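**Student:** sequence first, then the predicted structure, then my questions.
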Amino acid sequence: MTIIWDKNIKELIGEVVSDKTTKTRTILVKSVKMHPIYKKRFVVSKKYYAHDENNSSKVWDFVKIRECKPLSKLKRWNIIETIK
């Protein structure tokens, strides 16, 4: 999580899994959690819809996304940069 302009604005890194819609990308973010009783680590994944104004990212790219105001029913994230 990154603090920008005295606000807690979340930034995540994930992989683009779909680019079929115009100016919208589906991002898969994976994180590792630990079970509270058994202490075993497991991977949790979640999909986010992110706005991509220039349609610059493609499938299998890793991108950094930042939280923003709601742009549509499901889009609450902007793509900041393409990592690779």
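**Tutor:** Perfect, thanks for sending it. Values in this document were obtained by computation on a predicted structure and should not be read as measured data. Numbering: from 1, shown residues only.
**Student:** show me what counts as buried in stretch 15-24.
**Tutor:** Neighbour-count burial for stretch 15-24, counted by 16 or more other C-beta atoms under 10 Å, picks out 15-16, 19, 24. Where C-beta positions appear, they are placed from N, C-alpha and C, glycine not excepted.
**Student:** please apply the same query to stretch 72-84.
**Tutor:** 75-79.
**Student:** would you map the strands across the chain?
**Tutor:** Using DSSP state E, the strands of the chain run over 2-4, 7-9, 11-18, 24-34, 41-51, 62-67, 77-82.
**Student:** would you turn the ones you listed into JSON lines with mean pLDDT?
**Tutor:** Formatted as JSON lines, the strands of the chain follow (pLDDT from 0 to 100):
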{"stretch": "strand 2-4", "mean pLDDT": "55"}
{"stretch": "strand 7-9", "mean pLDDT": "78"}
{"stretch": "strand 11-18", "mean pLDDT": "96"}
{"stretch": "strand 24-34", "mean pLDDT": "96"}
{"stretch": "strand 41-51", "mean pLDDT": "97"}
{"stretch": "strand 62-67", "mean pLDDT": "96"}
{"stretch": "strand 77-82", "mean pLDDT": "96"}
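**Student:** span of stretch 52-68 from start to end?
**Tutor:** End-to-end distance for stretch 52-68: 13 Å, by C-alpha to C-alpha, to the nearest Å.
**Student:** touching it from outside, list them.
**Tutor:** Contacts with stretch 52-68, where a contact means C-beta atoms under 8 Å, 6 or more residues apart in numbering, come from 2, 9-19, 22-25, 27, 48, 50-51, 76-84.
**Student:** spatially, what comes nearest to S18 if we skip its sequence neighbours?
**Tutor:** Leaving aside its chain neighbours, S18 sits nearest to T26 (3.9 Å; criterion: C-beta to C-beta, 6 or more residues apart in numbering).
**Student:** then K30?
**Tutor:** Closest to K30 by C-beta to C-beta, 6+ apart is S45, at 4.7 Å.
**Student:** the one you found reaches T26, doesn't it?
**Tutor:** No - using C-beta atoms under 8 Å, S45 is not in contact with T26, being 11.9 Å away.
**Student:** who has more neighbours, the two?
**Tutor:** T26 (18 against 11; other C-beta atoms under 10 Å).
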